[in-house]
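Q: the amino acid sequence is not available; the structure is as follows:
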């Protein structure tokens, strides 16, 4: 089974990159299942009902979220019916939505879980480690996939080693910067951060000049979205149909032409 993970989709440029490249990648790699982080898909912060349905129509099977899950009040109007959307299990508010979804693909039950790291993250009320133990104990599935949305490389790598051999893939999101450490550990595919689908000439999706001003003058800015063509970042994971363990992971980064 081939599973495509897509990094944080940032704003309209990120959505356009997914719409452009996803069909090509699905055909090229014979992709069976697509997981994308969508917590920045609505103008760089949160998600709306309209965008959720747009991403569904593009062919995304499960959308994971993160610290900006509830940035748009609109989410409360559709999160309960959004059966392709998972929000962090350990981040307040805890009640709305679901943190794990199980989808059946090629007669395999695939569980996708969304967690937040604890380090330097707000509103996180429980350890991602203990939460994942709970998922493995309570959720029946053949294949377990995890998006851990966190700031620090150390926490995401430690999480990977803790659950290596028990889950098929651990992918990190949130920093918008793709790491070059893709690997297989005891049948678990891992990458510390998938990167983003968003404006290539930017500071993690934001306007360069505005962010420089913020750093050099301490002036409060609006975090305006950058303009221009987008980079597409993600990873392809292949899982053995008999063992349900990962056998390969390939990092994907498609930059705009002439960049």
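A: Thanks, I have it. This one's a predicted model, so the numbers in the text were calculated from it and none came from an experiment.

Q: report the contact partners of the nearest residue to residue 150 once chain neighbours are set aside.
A: Leaving aside its chain neighbours, residue 150 sits nearest to residue 117 (2.4 Å; criterion: C-beta to C-beta, 6 or more residues apart in numbering). In this view, the C-beta of every residue, glycine as well, is placed from N, C-alpha and C. Contact analysis of residue 117 by C-beta atoms under 8 Å, 6 or more residues apart in numbering lists 124, 128, 148, 149, 150, 151, 152, 155, 156, 159, 174.

Q: what does residue 55 give?
A: With the criterion set at C-beta under 8 Å, 6+ apart, residue 55 makes contact with 9, 15, 18, 36, 38, 41, 63.

Q: adding neighbour count, write those residues out as CSV.
A: As requested, those are exported to CSV (neighbours: other C-beta atoms under 10 Å):
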residue, neighbour count
9, 32
15, 21
18, 25
36, 28
38, 29
41, 30
63, 28
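
Q: out of those, which two sit at the greatest distance?
A: 15 and 63 (11.9 Å; C-beta to C-beta).

Q: hang on, the earlier thing: so, if you compare the contacts of residue 117, which one comes nearest to residue 185?
A: For the contacts of residue 117, the nearest to residue 185 is residue 159 (11.4 Å; C-beta to C-beta).

Q: please name the nearest non-neighbouring residue to the closest one.
A: residue 148 (5.5 Å).

Q: show me what the helix or strand the one you found falls within is packed against.
A: Following DSSP states H and E, one finds residue 148 within strand 143-149. Applying 3 or more C-beta pairs under 8 Å, 6 or more residues apart in numbering; DSSP states H and E, we find strand 143-149 packed against strand 33-37, strand 108-116, helix 128-138, helix 153-163, strand 169-173.

Q: winner for burial among the ones you listed?
A: strand 169-173 (a mean of 28; mean count of other C-beta atoms under 10 Å).
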